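Peer 1: fold the stuff below for me.
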Amino acid sequence: MKRYILPILLGVICVGFVGCEKEALDKNPLDKLSSGEFWKSKQDFDMALTAIYGELQNAMFSVGAPNWDVLTDNGYGQHNYWGSQAIVQGNISPTSGGYISDIYNSSYKGIARVNIFLNQLNDFEGDEIDAVTKSKYKGEAMFMRGFYYFQLYSNYGSVPIVTESLNLENQIQPKASANEVFEHTLADLDTAIINLSSEVYADNGGHVVKSSAQALKLRVLLFAAYGDNGTVDSGIMAQARDLALEIMGSGYELSPNFEDVFKDGTQEGNPEIIFSIKFLAPDNSTAMDQWYGDWVVISPLQNLVDAFDPLDPRLDKTIYADEVNFDGNIHSPSNGLPTGFGVKKFLSPGLMPYGYSTQSQQDWVLLRYADILLMYAEAQNELVGPDQSVYDAINAVRGRVEMPFLIGLSKEMMREAIRHERRIELAFEGLRYYDLKRWRIAETVLNNVSDGILEYTFEERFYHWPLPQSEIDKSQGILEQNPDY
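Peer 2: Sure thing, here's the model as predicted:
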């Protein structure tokens, strides 16, 4: 049974967030609280915090996160969700829409909610929220803001940094440099780390904990560590390595079964999960099984299938051929399979047959321990080469699925082994596109895909997307477009 503290109130918690909807100025809406009536009690802040968590349920960050892999050599998106086909083909412009505009707008929507929350929290003077609770609230909000700024940093580079509630006087903000956005993201996550609980995520009722913020910071550091040309910054990489070691000593371990991380019923209390986006049917369900098990939103490419060792059990747990088969329980997708394959990794065996009425409640796992081990192995290998700790980390991930241990590799060979292991272990978790970008090998990999349904085109300028033209147009000349667009 799924049990967690975060209440399912997401459909009604626009209250208290000024600007969620435009209302008549001369009267309070009858179905919502005005901002003057809200922010009066601890319950109000709990509801507002739930709404902030709820923003992460945006499909791009949760149920639709596997779709990021269709921008890579891992898969094809036949339904063109978020304009993926144009991105794959190199048709990226300030007016593209889809991912190009939605990540920008959704991130600032989430940031706005956090900024309002933090401003109200700072001004709250009631006795109902003590210093410990206020600190916890601040840490959770800062984690969320750090998450959104990382989305902006990793996709656009140079963007405005907004840390206060906006009004008519300050609503147009200039861009900060990419490095300033990076530093601000780290600062938000450092504040979260200081203020959050040290218990493991499974023991904190669905709320982020210190190690959640550390894991997200680790991801940010590794993204930045390769700079603009793929050359490792040893200072940033050392920070990443040391942070990974701290997380590795904080009480997490690999789930005994690889598939248990992704299946409803085995996620609650799972020792591997460091942060997940929560769902609970029927009121807070998703279309996960319908999308991937019936509509075939993602079609894995043959080259990914071939990248799995034939003896690797993760292949059957990640990808299905022709039909979904769980121990003889079969579902035949209603949509065609352009490549002959579909994504099995996140499907619920007990919800067949998948269709419009399927109510899926798998949590979307955003941070997990296997990724930490692979990030540690990567950082340590880049700093000192494949010492025993590097072998221990990557072989722990391989050993969980009874794959042979790696031995006797050079630094360069281990680098390729770690990158390959990430592709296999983390397939369709929305990380491959960012891995290719941070390693600065996206041109090499994507422009050489030979088995894609589409022709792949990746140009150097695509490491940073353009800002949405609509934002440029309404900025009165203050907001500058990214170079080369």
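Peer 1: the stretch 201-350 of the chain: helices as residue ranges?
Peer 2: 210-224, 234-248, 288-289, 302-307, 314-318 (DSSP state H, counting those that start in this stretch).
Peer 1: what's the offset of the fourth one from the middle of its chain?
Peer 2: Here the centre of mass of C-alpha atoms in helix 302-307, compared against the chain's by C-alpha atoms, centre = their mean, to the nearest Å, lies 24 Å away.
Peer 1: could you do stretch 438-457 as well?
Peer 2: Relative to where its chain is centred, stretch 438-457 has its mean C-alpha point 22 Å off (C-alpha atoms, centre = their mean).
Peer 1: list the buried ones in it?
Peer 2: For stretch 438-457, the neighbour count (16 or more other C-beta atoms under 10 Å) marks 438, 439, 440, 442, 443, 445, 446, 449, 452, 454, 456 as buried. Any C-beta I mention is one placed from the backbone N, CA and C, and that applies to glycine too.
Peer 1: what's in contact with it?
Peer 2: 72-73, 76, 78, 85, 88-90, 154, 222-226, 228-230, 299, 301-303, 338-339, 419, 436, 458-460, 462-463 (C-beta atoms under 8 Å, 6 or more residues apart in numbering).
Peer 1: list only buried entries from those.
Peer 2: Buried among those (16+ other C-beta under 10 Å): 72-73, 76, 78, 85, 88, 90, 154, 222-226, 299, 301, 339, 419, 436, 458, 462-463.
Peer 1: now, the buried residues of stretch 438-457 that are in helices?
Peer 2: 438, 442, 443, 445, 446 (DSSP state H).
Peer 1: got TSV for these, with distance to residue 382 and pLDDT too?
Peer 2: Shown next, in TSV, are these (distance: C-beta to C-beta, whole Å; pLDDT from 0 to 100):
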residue	distance to residue 382	pLDDT
438	12	98
442	19	98
443	21	97
445	19	98
446	23	98
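Peer 1: distance to residue 280 for those residues - can I get that in TSV?
Peer 2: What follows is these, written out as TSV (distance: C-beta to C-beta, whole Å):
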residue	distance to residue 280
438	34
442	37
443	42
445	38
446	37
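Peer 1: nearest to residue 134, out of the residues you listed: which one, please.
Peer 2: Nearest to residue 134 among those: residue 438, at 35.5 Å, using C-beta to C-beta.
Peer 1: how near is that closest one to residue 219?
Peer 2: Using C-beta to C-beta, to the nearest Å, residue 438 is found at 10 Å from residue 219.
Peer 1: residue 465 too?
Peer 2: 19 Å.
Peer 1: what do you get for residue 131?
Peer 2: 30 Å.
Peer 1: now swap in residue 99 and tell me
Peer 2: Applying C-beta to C-beta to residue 99 and residue 219 gives a distance of 19 Å.
Peer 1: got it, and residue 307?
Peer 2: Taking C-beta to C-beta, one finds residue 307 at 23 Å from residue 219.
Peer 1: of those two, which one has the most company?
Peer 2: When residue 307 and residue 219 are compared for neighbours, residue 219 comes out ahead with 23 against 16, by other C-beta atoms under 10 Å.
Peer 1: the more buried one touches residue 150, doesn't it?
Peer 2: Yes. Assessed by C-beta atoms under 8 Å, residue 219 is found in contact with residue 150 at 7.3 Å.
Peer 1: which stretches of the stretch 351-485 of the chain form strands?
Peer 2: Assigned by DSSP state E, counting those that start in this stretch, the stretch 351-485 of the chain shows strands spanning 364-368.
Peer 1: all helices of it, in order?
Peer 2: 369-384, 388-400, 411-425, 432-438, 442-446, 469-473.
Peer 1: closest to residue 237 out of the ones you listed?
Peer 2: helix 369-384 (5.2 Å).
Peer 1: taking helix 210-224 as reference, get the angle to the closest one.
Peer 2: 50 degrees (axes from the mean of the first three to the mean of the last three C-alpha atoms, to 10 degrees).
Peer 1: quick one, phi/psi of the closest residue to residue 262 other than its chain neighbours?
Peer 2: Take residue 262 and drop its neighbours on the chain: the residue closest to it by C-beta to C-beta, 6 or more residues apart in numbering is residue 346, 5.1 Å away. Main-chain torsions, residue 346, degrees, to the nearest 10: phi -110, psi 10.
Peer 1: what's the most buried one of the helices of the stretch 201-350 of the chain?
Peer 2: helix 288-289 (a mean of 29; mean count of other C-beta atoms under 10 Å).
Peer 1: name the residues that touch that one?
Peer 2: Residues contacting helix 288-289 (C-beta under 8 Å, 6+ apart): 63, 346, 347, 348, 351, 354, 358, 360, 362.
Peer 1: can you lay out the residues you listed as TSV showing distance to residue 407 and pLDDT?
Peer 2: Listed next are the contacts of helix 288-289 as TSV, based on distance: C-beta to C-beta, whole Å; pLDDT from 0 to 100:
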residue	distance to residue 407	pLDDT
63	40	94
346	33	98
347	35	98
348	38	97
351	42	97
354	42	98
358	45	97
360	41	97
362	36	97
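Peer 1: out of those, flag the one nearest to residue 200.
Peer 2: residue 362 (20.3 Å).
Peer 1: mind listing what the closest one touches?
Peer 2: 262, 263, 264, 267, 279, 286, 288, 346, 348.
Peer 1: list the buried ones in stretch 193-202?
Peer 2: Quick answer for stretch 193-202 (16+ other C-beta under 10 Å): 193, 195, 196, 197, 200, 201, 202.
Peer 1: contacting residues around that stretch?
Peer 2: Taking C-beta under 8 Å, 6+ apart as the rule, stretch 193-202 contacts 135-136, 138-140, 142-143, 204, 207-214, 217, 250-252, 268-271, 273-276.
Peer 1: circling back to that earlier point, quick one: which of the buried residues of stretch 438-457 is nearest residue 94?
Peer 2: Of the buried residues of stretch 438-457, the one sitting nearest to residue 94 (C-beta to C-beta) turns out to be residue 442, at 20.1 Å.
Peer 1: and that closest one, how far from residue 371?
Peer 2: 20 Å.
Peer 1: now swap in residue 383 and tell me
Peer 2: In terms of C-beta to C-beta, residue 383 sits 19 Å off from residue 371.
Peer 1: tell me which of the two has more neighbours.
Peer 2: Using other C-beta under 10 Å as the criterion, residue 383 and residue 371 rank with residue 371 on top: 23 against 15.
Peer 1: check the gap between residue 113 and residue 119 for me.
Peer 2: Relative to residue 119, and taking C-beta to C-beta, residue 113 is found at 11 Å.
Peer 1: who has more neighbours out of those two?
Peer 2: Using other C-beta under 10 Å, the more surrounded residue of residue 113 and residue 119 is residue 113, with 26 against 15.
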